[in-house]
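1. the following comprises the amino acid sequence and a computationally predicted model.
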Amino acid sequence: METRELRYFVAVAEELHFGRAAQRLGIAQPPLSRAIRQLERRLGATLLERTSRAVTLTEAGAVLLREARAALDAVEAAERRTRRAARAATGHAGVVLATKAGASGELLAKLLDTYAAEPDAVTVDLLLCGIGEQERLLRDGRADVALLHRPFDTTAGFDTEELRTERQVVVLPAGHPLTGRTHVQMAEVTDLPGLPMPRWPGRDGTYPDGPGPQARDHAQLLQLIALGRACWIAPESCRTRLRDDLAAVPVLDAPTVTTVIAWPPHSRSRAVAGLVRVATRL
């Protein structure tokens, strides 16, 4: 199969409409329809059920959609990494580090300062991102290395080194009755009246259902907590950046969070290796 065919199929499978898919691809509808039929003949499978009113995916089509997305992502990642390697060979590129904005601040600052003092250090370009995005940026080649947080981020398919493990706290408005406690339990946090947990957007940009307020970034979330509209369970290191109108209390039975540095297993970048080496010494 050619990448062009896969892109055509993904467009139709996502739009479930040949006309919209053709418009999205910038081509006429007849050649798009012919390309899909040719792909079906080559695979010996019906990928799309077509009627005068609708287009739907078959079971085989659903499998190909999942695999095609992964294949196209891999092709794009290979292209990005190849271009970056070519620039690095001429001394015009650094290493791209993806990290969640507002997370691991103290660790990140120490890592960057220590690495910068290395004799063979290159420029580290920070790619600050939203909740859960650093994993995707690493997989699609826009980042060379990333700081991930287990169990929230998936590290499958990456090489990793653990940097630190910490317990979690609940962040509350200053003056809340629970802030006078030495610790709380998860059940107490989930039952807090008027202080629901925030809802973060998924990969498709939509928010899950629930009573909590929608949050796009940490700055917005901290403001919501200070206003008495939400609470938040976070790694204990968040204490270092809390404002005076917020307080944190340990949650004894919350799962611990492990920060890891992750990179693609096929990476041969000496800059990535150097950054990882420094990180594991901290």
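-> Good, I have the coordinates. Residues are numbered from 1 along each chain as shown.
2. Glu5: which element?
-> Element membership of Glu5 [criterion: DSSP states H and E] is helix 3-15.
3. packing partners for the helix or strand following that helix?
-> Using DSSP H and E, the helix or strand that follows helix 3-15 in sequence is helix 18-25. Here helix 18-25 touches helix 3-15, helix 29-43, going by 3 or more C-beta pairs under 8 Å, 6 or more residues apart in numbering; DSSP states H and E. In short, each C-beta sits where N, CA and C put it, glycine included.
4. flag every buried residue along the first one.
-> Of the residues in helix 3-15, those buried by neighbour count under the rule 16 or more other C-beta atoms under 10 Å are Leu6, Arg7, Tyr8, Phe9, Val10, Ala11, Val12, Ala13, Glu15.
5. quick one: low-confidence parts of the stretch 1-150 of the chain?
-> Counting by pLDDT under 70, the stretch 1-150 of the chain has low-confidence residues at 83-93.
6. repeat that for 80
-> Low-confidence regions of the stretch 1-150 of the chain, defined by pLDDT under 80, span residues 74, 77-94, 101-103, 130-132.
7. can you give me the helices in this protein?
-> Assigned by DSSP state H, the chain shows helices spanning 3-15, 18-25, 29-43, 59-89, 105-116, 133-139, 186-190, 218-226, 270-281.
8. which stretch among those comes nearest Gly210?
-> helix 186-190 (11.6 Å; C-beta to C-beta).
9. could you measure from the closest residue to Ala11 other than its chain neighbours over to Ala215?
-> Once flanking residues are discounted, Ala11 sits nearest to Ala21: 4.1 Å by C-beta to C-beta, 6 or more residues apart in numbering. For Ala21, the distance to Ala215 equals 34 Å [C-beta to C-beta, to the nearest Å].
10. still on that earlier bit, isn't the residue nearest to Ala11 right next to Arg7, touching?
-> No: look at Ala21 against Arg7 with C-beta atoms under 8 Å: they stay out of range, at 10.1 Å.
11. how many residues are close by the closest residue to Ala247 other than its chain neighbours?
-> Spatially, and ignoring its direct neighbours in sequence, Ala247 is nearest to Thr179 (4.1 Å; C-beta to C-beta, 6+ apart). A total of 16 residues lie near Thr179 under the criterion other C-beta atoms under 10 Å.
12. for Thr179, what are its contacts?
-> Leu172, Ala247, Val249 (C-beta atoms under 8 Å, 6 or more residues apart in numbering).
13. need those in TSV (columns: pLDDT and distance to Ala143).
-> Compiled in TSV, the contacts of Thr179 are given as follows (pLDDT from 0 to 100; distance: C-beta to C-beta, whole Å):
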residue	pLDDT	distance to Ala143
Leu172	96	33
Ala247	95	34
Val249	96	34
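14. so which of these wins on neighbours?
-> Of these, with other C-beta under 10 Å as the count, Leu172 tops at 24 neighbours.
15. give me the residue at the spatial middle of the chain.
-> Most central in the chain under C-alpha atoms, centre = their mean is Glu133, positioned 2.0 Å from the mean C-alpha point.
16. dump the residue contacts of it.
-> Ala98, Lys100.
17. could you do Gly228 as well?
-> Pro173, Gly194, Leu195.
18. wait, Asp153 sits on Leu137?
-> No: assessed by C-beta under 8 Å, Asp153 is found out of contact with Leu137, at 11.3 Å.
19. so between the two, which is more surrounded?
-> Legend: neighbour count by other C-beta under 10 Å for Asp153 and Leu137, higher for Asp153 (23 against 18).
20. can you pull the contacts of that one?
-> Counting by C-beta under 8 Å, 6+ apart, Asp153 has contacts Gly132, Gln134, Glu135.
21. can you get me a residue count around the second one?
-> The local packing count at Gln134 equals 27, with neighbours defined by other C-beta under 10 Å.
22. how near is it to Ala77?
-> If you go by C-beta to C-beta, the gap between Gln134 and Ala77 works out to 14 Å.
23. same check, this time on the last one
-> In this view, Glu135 and Ala77 are 13 Å apart by C-beta to C-beta.
24. ditto for the first one
-> The gap separating Gly132 from Ala77 is 18 Å, by C-beta to C-beta.
25. for stretch 68-85, buried residues please.
-> Quick answer for stretch 68-85 (16+ other C-beta under 10 Å): Ala68, Ala77, Arg80, Arg81, Arg84.
26. tell me the contacts of the first one?
-> Contact criterion C-beta under 8 Å, 6+ apart gives Leu6, Phe9, Val10, Ala13 as the residues in contact with Ala68.
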